[in-house]
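[1] Below are the sequence and a predicted model; questions follow.
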Number of protein chains: 2
Amino acid sequence: MNILYVLFTLQQTFPLMEAVTMGKESLDCEHTLGLAIREATGPTCPPLLARALDYAVFPGGARVRPRLCLAVALANGNSEPRLASAAAAAIELLHCASLVHDDLPCFDDAIERRGKPSLHAKFGQRIAVLSGDALIVAAFQQLAQLGSSVTHPVRMAQVTAIVAAGVGGPMGICAGQAWECEPRVDLKHYHQAKTGALFVAATCAGAAAAGVAAEPWRELGNSIGEAYQVADDIQDAIADTATIGKPTGIDVALDRPSAVRQLGLDGAVKRLERCIEKGLDSIPECKGRALLHEVVQQQSNRFFPQGIKHTAA
Amino acid sequence: MNILYVLFTLQQTFPLMEAVTMGKESLDCEHTLGLAIREATGPTCPPLLARALDYAVFPGGARVRPRLCLAVALANGNSEPRLASAAAAAIELLHCASLVHDDLPCFDDAIERRGKPSLHAKFGQRIAVLSGDALIVAAFQQLAQLGSSVTHPVRMAQVTAIVAAGVGGPMGICAGQAWECEPRVDLKHYHQAKTGALFVAATCAGAAAAGVAAEPWRELGNSIGEAYQVADDIQDAIADTATIGKPTGIDVALDRPSAVRQLGLDGAVKRLERCIEKGLDSIPECKGRALLHEVVQQQSNRFFPQGIKHTAA
């Protein structure tokens, strides 16, 4: 156990994962995202919607979820790389859709995202609603389009069902957001749906794309997702807008459940540590387990805010 | 050519299509829709979202699109009935999603739909945005879940891609709605995307589910979709809210393109006639062509408002 002080930035990429994916062009998530957006914004697309769809996805944030998806596929031999890449891109498109709708005036009313005006602030509410919708559709469309060319079309269906479960009702992102509309909510349940579910989709879809059982990979996604959400709560409580490119202090402003509000700052940091440890311990046996363990551990360290003392697992 | 006076109600079902599908339980679109909503609203779903999802889909409207999809599949032998049924249900879920988002205050601000309060009027804007999102996801989810059990998983992927094209950018429903945000719009282009695209998805997905080429079925969907949209414009111009269960006169109120505004009432009725004739003429050769022709012709007559003179094809 070492005491570490690590930089906190959720905007940073995962350089070790870069190494893992290096040289495999078909795995380039940015490339697949670019294709999906080009297709969704073809010549017949209304110009405002086309600009907005591109704006919602590029330049990206940390791309944490698609990288996790690809890393799991690679650790399992990645026998259907185009499917893994499509799954990763679909997950990121759905994440972007959720951010666009989450920022709407009726939810967070956020005017900034990733250091630039939020989509509704720039293009208006109508285009923001439609962009979110079109991104959800684009996610499933580019998975479906692989169907006739992949070696294992049944895997494609399995991956699609896993991805869908991460975003819809009864326990995907939509459900997570909808808990904010309920008078009472269990914090863990809320976080699992709002954030954990898409991380679970990332690890399970990565495994399914590689042709191995998805279920054993659930715990890794769940734990890292919870860690990410707790880190986000900590960030909301202590960081400033200039550092992270989006408004802070909104959990309190919107009277929203938060790990810091429930457990205090120290309690939240302890929960973050426990989540990461649990995730690492859960990684199933597979060809690339050691490297995957290292990558997840390194990158999880980035979840800790600058100056926060933590005991590395 | 006969002069007919026919009742106008888009809320009515297609009784001849009922006859076509009678006795085939697996084709019951209501049954499949019920399963999809039950799954999306499972025990872990936040209660408000669960109630809203059910509210958005039941009781239904005319279910015109899923019935058209199933009728095309049947006319082509319907060799994968569960896939046809899933495609039909997916199309209806996506249609319901589009209605929920279309009624939002930032679009039509409609307080009534299908004779009851619109979803946002009853559950609030946040739940309305999330319900639309969750319905889109549910549509693709229940198609994907068939993937490992259908005889032809590649067909499932083709059907999914066709359905997605009907709703996303660059020329699905999202694009159609987004044309309303542009300063200039071509009426035909706008209608094709906003309404025609999902009718095209219905006919093409029905054909693909049955294992025949989808493209020859595009014109039927396109023409019936245009007819439906023109009928909707006529209805908006001349009907009253009590008769059709939703607000009227909104094309003028929102300064929105409309066939009646562009062509006048007589011109719009003539265009409606031409669309139906074109659709009927386009029906490709297939086993059940004669019955399908009859069904489409009969049901298209219902598009004409009471008291409007028209020359039946």
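    Alright, I've got the coordinates.
[2] thinking residue A:47 is in contact with residue B:182, fair?
    Yes - Residue A:47 is within contact range of residue B:182, at 6.8 Å (criterion: C-beta atoms under 8 Å). Yep, even glycine has a C-beta here, placed from its N, CA and C like the rest.
[3] Which element, helix or strand, includes residue A:133?
    Using DSSP states H and E, residue A:133 maps to helix A:125-145.
[4] what do you get for residue A:232?
    helix A:218-238.
[5] same question, residue A:246
    Going by DSSP H and E, residue A:246 is not part of any helix or strand.
[6] For it, grab phi and psi.
    Backbone torsions of residue A:246, given as degrees, to the nearest 10, read phi -150, psi 160.
[7] and the gap between it and chain B?
    Relative to chain B, residue A:246 is positioned 19 Å away (C-beta to the nearest C-beta, to the nearest Å).
[8] same check, this time on residue A:273
    Applying C-beta to the nearest C-beta to residue A:273 and chain B gives a distance of 27 Å.
[9] what kind of secondary structure is that residue in?
    Following DSSP: H, G, I helix; E, B strand; the rest coil, the label given to residue A:273 is helix.
[10] Hmm, residue A:117 is touching residue A:111, no?
    Yes - with contacts counted by C-beta under 8 Å, residue A:117 reaches residue A:111, the gap being 6.3 Å.
[11] mind listing what residue A:73 touches?
    A:81, A:84, A:87-88, A:206-207, A:209-210 (C-beta atoms under 8 Å, 6 or more residues apart in numbering or on different chains).
[12] Spatially, which two of those residues are the most separated?
    A:81 and A:207 (14.0 Å; C-beta to C-beta).
[13] neighbour count winner among these two?
    Comparing residue A:81 with residue A:207 by other C-beta atoms under 10 Å in any protein chain shown, the one with more neighbours is residue A:207, at 29 against 19.
[14] and the closest residue to residue A:138 other than its chain neighbours, how many neighbours?
    In this structure, residue A:138 finds its nearest non-sequential neighbour in residue A:40, 4.5 Å apart by C-beta to C-beta, 6 or more residues apart in numbering or on different chains. Using other C-beta under 10 Å, residue A:40 has 29 other residues around it.
[15] do you know how far residue A:40 is from residue A:145?
    12 Å (C-beta to C-beta, to the nearest Å).
[16] Also residue A:169?
    Taking C-beta to C-beta, one finds residue A:169 at 25 Å from residue A:145.
[17] Repeat that for residue A:85.
    12 Å.
[18] more neighbours, those two?
    Neighbours were counted for residue A:85 and for residue A:145 using other C-beta under 10 Å; residue A:85 has more, 29 against 20.
[19] Could you tell me the phi and psi values at that one?
    Torsion angles, degrees, to the nearest 10, at residue A:85: phi -70, psi -40.
[20] What distance do you get for it to residue A:134?
    21 Å.
[21] swap in residue A:197?
    From residue A:197 over to residue A:134 (counting by C-beta to C-beta), the distance is 21 Å.
[22] So is the helix or strand containing residue A:94 next to chain B?
    Here residue A:94 sits within helix A:81-102, counting by DSSP H and E. Yes - using C-beta under 8 Å from any C-beta of the partner chain, we find that helix A:81-102 touches chain B at A:97, A:101.
[23] C-terminal to that helix, which secondary structure element comes first?
    strand A:112-113.
[24] Give me the spatial nearest neighbour of residue A:29, chain neighbours excluded.
    Closest residue to residue A:29 apart from its sequence neighbours, by C-beta to C-beta, 6+ apart: residue A:66 at 4.4 Å.
[25] and the angle from the host helix or strand of the one you found to helix A:218-238?
    Using DSSP H and E, residue A:66 sits in helix A:64-75. Taking axes from the mean of the first three to the mean of the last three C-alpha atoms, to 10 degrees, helix A:64-75 and helix A:218-238 form an angle of 150 degrees between their directions.
[26] Was I right to think the residue nearest to residue A:29 contacts residue A:91?
    Yes - Residue A:66 is in contact with residue A:91 according to C-beta under 8 Å; the separation is 5.6 Å.
[27] what residues are shared contacts of these two?
    What both residue A:66 and residue A:91 touch, as defined by C-beta under 8 Å, 6+ apart, is the set residue A:202.
[28] one step back: most neighbours among the contacts of residue A:73, which one?
    That'd be residue A:87 among the contacts of residue A:73, by other C-beta under 10 Å, with 35 neighbours.
[29] What distance do you get for that one to residue A:71?
    12 Å.
[30] ok, now residue A:91?
    From residue A:91 over to residue A:71 (counting by C-beta to C-beta), the distance is 13 Å.
[31] Compare neighbour counts for these two and give me the winner.
    Counted by other C-beta under 10 Å, residue A:91 and residue A:71 do not tie: residue A:91 has more neighbours, with 30 against 27.
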